[in-house]
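[1] Prediction below, plus the sequence it came from.
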Amino acid sequence: MGANAWVVSNRLTGLAAAAFTWSAGANDATRSRLCDGMMNQLYVNGAVVASGINVVVDLGTALACTGAAALNSNCAVQKTDAALRIRGADNLAMTVNVVTAKAASTLNTAAMRNKDHVLQFASVTKRYWEFLWTWTGNVLDFAVGELFLLNAQTTLARKSIYGAVEARDFRVSEVGHYNGSSTTYFEGGPLRSKRLPYSDMTSAELEGLFAIPDATKGGAKPFLWIESYEATATAAAVDEQEVLYGKIGPAFEFSNPDYRLFTPNELVIKSLGRQVGA
């Protein structure tokens, strides 16, 4: 697998709803949710879609992009053969100087990684970008919480030395009754989180890790964590699609057990919440 990578900025942030043109069921009321930075605010297409659907995004000007992500989408949850392809072009109809930045990649359908996917590629500069999902049969109420177009992901010089510890947290509400019984309501989850321990880092490697809390203002801003950086136009394998959109915590600190090497505390990433009932 490739190096770990991360990015804070999204090329789509701030675009108006009219910048997104869907091939079916436009549903203008929720298009602005595609780039609001929150996975729990869903764009719902509102149509029964056969075989596939695409959205073309107008960035307003030609910009370099190095990856794309679709977060909290129900496509691969409904269809085991769902695939996603990314293209760039010089016109809205996607017919002039078309570049296939990422070939159609069969999406990971294994829970909990079947709702969030990232595809990475070598830098391509275009104004118009197309996300094309395909599948067999029908998908009802195609939905996605957030779309990303990435630019210049930051790769870490080394991976976590002990691998990663992953947790899944469920949100529930419990009500106690006078007769001693209780009723519990499921509200959402699981929320994924990762704990990544590091040790024996050089000063340069340590600064690379500390750039994450600096860029996210100590965890105030969410960021996109990419488990395996693979900047190619070929289809992405399942393990190259893993992505976690969340925040870091607690505060970073480090020890200096060797005068040349450093050991930071664990990097903890917790995903943003999804809609109630997800």
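    Cool, the structure landed. Numbering: from 1, shown residues only.

[2] from here on, contacts and neighbour counts on C-alpha atoms
    Noted.

[3] need the contact list for E187.
    F170, R171, V172, S173, V276, G277, A278 (C-alpha atoms under 8 Å, 6 or more residues apart in numbering).

[4] can you confirm the third one is in a strand?
    When you say that, I think you mean V172. Yes - using DSSP: H, G, I helix; E, B strand; the rest coil, the secondary structure at V172 is a strand.

[5] circling back to that earlier point, state the pair within the contacts of E187 that is farthest apart.
    S173 and A278 (14.6 Å; C-alpha to C-alpha).

[6] Which one's more surrounded, the two?
    More neighbours sit around A278 than around the other of S173 and A278, counting by other C-alpha atoms under 10 Å; the figures are 13 against 10.

[7] mind checking how far that one is from L132?
    Remark: distance between A278 and L132 (C-alpha to C-alpha, to the nearest Å) = 24 Å.

[8] Using neighbour counts, trim the contacts of E187 to the buried set.
    The neighbour-count test (16 or more other C-alpha atoms under 10 Å) applied to the contacts of E187 identifies nothing as buried.

[9] Reformat these as TSV; add pLDDT and distance to A50.
    Supplementary listing: the contacts of E187 in TSV, determined by pLDDT from 0 to 100; distance: C-alpha to C-alpha, whole Å:
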residue	pLDDT	distance to A50
F170	78	33
R171	77	34
V172	81	36
S173	82	38
V276	80	27
G277	76	26
A278	76	24
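
[10] which among these gets closest to N256?
    F170 (36.6 Å).

[11] give the contact list for the closest one.
    When contacts are counted by C-alpha under 8 Å, 6+ apart, F170 is found next to F186, E187, G188, G189, P190, L191.

[12] any idea which helix or strand carries the fourth one?
    Assigned by DSSP states H and E, G189 falls within strand 182-196.

[13] Parallel or antiparallel, list what pairs with that strand.
    For strand 182-196, sheet partners with direction are given as strand 165-176 (antiparallel), strand 267-271 (antiparallel), following DSSP bridges.

[14] how close does K221 sit to R192?
    Taken as C-alpha to C-alpha, the spacing of K221 relative to R192 amounts to 17 Å.

[15] Q120 too?
    Distance, Q120 to R192, by C-alpha to C-alpha: 22 Å.

[16] Name the residue in the two with the higher neighbour count.
    Set side by side, Q120 and R192 show more neighbours around Q120, with 29 against 20, by other C-alpha under 10 Å.
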